[in-house]
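**Q** Quick one: sequence plus predicted model below, questions after.
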Amino acid sequence: GAVVSQHPSWVICKSGTSVKIECRSLDFQATTMFWYRQFPKQSLMLMATSNEGSKATYEQGVEKDKFLINHASLTLSTLTVTSAHPEDSSFYICSARAGEGYGYTFGSGTRLTVV
Amino acid sequence: QKEVEQDPGPLSVPEGAIVSLNCTYSNSAFQYFMWYRQYSRKGPELLMYTYSSGNKEDGRFTAQVDKSSKYISLFIRDSQPSDSATYLCAMYNTDKLIFGTGTRLQVFP
């Protein structure tokens, strides 16, 4: 089945620094990947849609200069949290779809803690 | 009104019970419906994927979609402690996946 790998699974960083999270589709090509944020006991909130070779589409209220998304290939998308603040601490999850008619496959998530 | 409504639970049942999880939605354009299982601090795992109205069965899991009522269900038969997790319904029409808030399920031995 479709597998999406996400790294790191857990990261702690200091306020003001940047953190990069990688999302890879291991056995399929994903022209579109998605980034979500999840707070404790809450649902997944879509942050942005990442299309290979083009700029990401951000949801309303998501700062594109703070959450930099790059989708350089059909198997890799990255999310960089720039100038991280403690309020950016959250669980970030990526997903990808193999194509029309397929379900979305999710990565295992990254728990970011900003201290 | 949220596009997708789901009772957050928690739902606690004994091992072997039949579990019923439900979601309602407001957007009649939704055509693809999914159920995901999410363990603590993990990404969601796709359980069931259905298109339009009808039933779909996979082992102990059955998904039902009633588009006329804008209502979807997931049934778990012979529930096991390993089924303890959060179950999220999700649906989409174009390219945006909309999730319910998730229902926490606990199956006790």
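**A** It's in.

**Q** Residues of chain B that sit close to chain A?
**A** Where chain B comes near chain A, counting by C-beta under 8 Å from any C-beta of the partner chain, the residues are B:8, B:34, B:36, B:41-46, B:49, B:88, B:90, B:95-97, B:99-102, B:104. The way it works is simple: take the backbone N, C-alpha and C, and place the C-beta from them, glycine included.

**Q** Bridging across strands, which residues link to the residue in chain A positioned nearest to chain B?
**A** Using C-beta to the nearest C-beta, the single residue of chain A nearest to chain B is A:Phe106, 3.9 Å away. With beta bridges defined as DSSP bridges, A:Phe106 has these partners: A:Ser95.

**Q** and it, what does it touch?
**A** When contacts are counted by C-beta atoms under 8 Å, 6 or more residues apart in numbering or on different chains, A:Phe106 touches A:Val4, A:Ile93, A:Cys94, A:Ser95, B:Tyr36, B:Gly43, B:Pro44, B:Glu45, B:Leu46.

**Q** Please enumerate the strands of the chain.
**A** Unless you meant another one, I'm taking chain A. With strands called from DSSP state E, chain A shows them at A:4-7, A:10-13, A:19-25, A:32-38, A:44-51, A:57-58, A:67-73, A:76-81, A:90-97, A:104-106, A:110-114.

**Q** not what I meant, chain B
**A** B:4-6, B:11-14, B:19-25, B:32-38, B:45-51, B:54-58, B:61-66, B:71-76, B:85-92, B:98-99, B:103-108.

**Q** Could I get the contacting residues of the nearest residue to B:Ala17 once chain neighbours are set aside?
**A** With C-beta to C-beta, 6 or more residues apart in numbering or on different chains as the criterion, B:Ala17 has its nearest non-adjacent residue at 5.2 Å, and that residue is B:Ser79. Listed by C-beta under 8 Å, 6+ apart, the contact set of B:Ser79 reads B:Val13, B:Glu15, B:Gly16, B:Ala17, B:Ile18, B:Val19, B:Arg60, B:Leu105, B:Val107.

**Q** pLDDT wise, what is B:Ser79 at?
**A** As predicted, B:Ser79 sits at a pLDDT of 97.

**Q** which regions of chain A sit below the pLDDT cut-off?
**A** A:99-102 (pLDDT under 70).

**Q** center of it, which residue is that?
**A** In chain A, the residue lying closest to the centroid (C-alpha atoms, centre = their mean) is A:Trp35, at 3.6 Å.

**Q** How much space separates the nearest residue to that residue once chain neighbours are set aside from A:Lys66?
**A** Nearest residue to A:Trp35, sequence neighbours excluded (C-beta to C-beta, 6+ apart): A:Met47, at 4.6 Å. A:Met47 is 10 Å from A:Lys66, where distance means C-beta to C-beta, to the nearest Å.

**Q** show me what contacts residue 32?
**A** If you meant another chain, say so; for now it's chain A. Shown in contact with A:Thr32 (C-beta under 8 Å, 6+ apart): A:Thr49, A:Ser50, A:Asn51, A:Glu52, A:Ala96, A:Arg97, B:Asp95.

**Q** That was the other one, I meant chain B.
**A** B:Tyr32 makes contact with B:Tyr49, B:Thr50, B:Tyr51, B:Met91, B:Tyr92, B:Asn93, according to C-beta under 8 Å, 6+ apart.
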